[in-house]
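Here is my input, please return the structure:
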Amino acid sequence: MAKLIRTGPVLLLLSVALSGSSVQVPSSPLPYSVSDLGADRRVPLGLPLVEPKIVVAKSKRQLYLYSGGALVKTYRIGLGLDPVNDKIKARDMRTPEGDFYVCLKNARSRFYLSLELSYPNIPSAERGLRDGLISKTQHDQIVSAIQRKAAPPQNTPLGGEIFIHGGSSQSDWTWGCIALDNEDIRELFDAIPLGTPVRVRH
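Residues are numbered from 1 along each chain as shown. Below is the predicted model:
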C-alpha cells in the first residue's frame, strides 16, 4: 500500500514563504559550469540540508536546490506538454508558476517517487474565483488548506496533483508536473522534508 504523508497544522516549523528569502536564482546565461552548480550526479549532497528550498526555472529546464541559502545542486527537468504558459485549469497540460510547498511524499508513485506541490495556491484560487472557474466555497477551501499548511483540494476545475516526480527529464512530456531522472528524484526525495518551499518561475 502506498505510504502517503500529508502535512497538517502542527507538522511544520519552517517557513514556507519564499517571498522574504534571500535565495538568488542564477541569471541567464549561467556564469558557472555544470559541475560548479552541483549538477554532477557523482557528487553527493551534504546532509542534512539546512532549511532547504527549491527553485524551478521553467525556461532553463532546471531545478535548483538550496541549503542554508546556498545553491547545492542543480537538476535537469522536463515539464508539461505546454511548457511555456502558467497553469490556469485542469487538463491544460501546463506547469503552474508561483510559490508552493511540498505537501505529500509518495514512495509508491507511478513515476518512481513523487513530491506533491501545494497547487492550487491562493493566487490561483483568487484568479479562478474572479474568472468564474470555481465557487466561493471552493476558493475558501483552498485558502483554508494553504493557511493550515495542508494539501489543498485537488478536484476543483483548477486542477491538481502537480508533482515533482521521476520518469525522465529528456523532454516535456507530463500533464503539468516537473519530471526528473529517477536517480535525481531519489536523491531529492530522501533529502527534503515535507513543507519544503518550492518556487516555480518562468
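
what packs against the lengthiest helix in the chain?
Looking across the chain with DSSP state H, the single longest helix is helix 136-147. Counting by 3 or more C-beta pairs under 8 Å, 6 or more residues apart in numbering; DSSP states H and E, the packing neighbours recorded for helix 136-147 are helix 122-130. C-beta coordinates here come from the backbone N, C-alpha and C atoms, glycine included.

which other residues reach the longest helix of the chain?
With C-beta atoms under 8 Å, 6 or more residues apart in numbering as the test, helix 136-147 has contacts from 118, 120-122, 124-126, 128-129, 134, 151-153, 156, 158.

Any buried residues in the helix or strand following that helix, and which?
Next helix or strand after helix 136-147 toward the C-terminus (DSSP states H and E): strand 163-165. Neighbour-count burial for strand 163-165, counted by 16 or more other C-beta atoms under 10 Å, picks out 163, 164, 165.

Just checking: what are the partner strands of strand 163-165?
Strand 163-165 has the following strand partners under DSSP bridges: strand 112-117 (antiparallel), strand 178-179 (parallel).

For the contacts of helix 136-147, name the two members farthest from one another.
Within the contacts of helix 136-147, 129 and 151 form the most distant pair, 19.5 Å apart (C-beta to C-beta).

Give the full set of residues in contact with the nearest residue to residue 200 once chain neighbours are set aside.
Leaving aside its sequence neighbours, residue 200 sits nearest to residue 56 (C-beta to C-beta, 6 or more residues apart in numbering; 4.4 Å). Contacts for residue 56 were tallied using C-beta under 8 Å, 6+ apart; they are 62, 63, 64, 77, 178, 198, 199, 200, 201.

out of these, who has the most neighbours?
Sorting the contacts of residue 56 by how many neighbours each has (other C-beta atoms under 10 Å) puts residue 178 first, at 28 neighbours.

That one and residue 114, how far apart?
Look at residue 178 and residue 114: by C-beta to C-beta, to the nearest Å, they are 10 Å apart.

Residue 179 too?
Residue 179 sits at a distance of 10 Å from residue 114 (criterion: C-beta to C-beta).

who touches both of these two?
The contact lists of residue 179 and residue 114 share 164, 165, 166, where a contact means C-beta under 8 Å, 6+ apart.

Closest to residue 98 out of the residues you listed?
The nearest member of these to residue 98, counting by C-beta to C-beta, is residue 164 at 14.5 Å.

Tell me how many other residues crowd the residue nearest to residue 153 when sequence neighbours are not counted.
In space, and not counting its chain neighbours, residue 153 is closest to residue 141: 5.2 Å by C-beta to C-beta, 6+ apart. Burial of residue 141 is recorded as 16 neighbouring residues (other C-beta under 10 Å).
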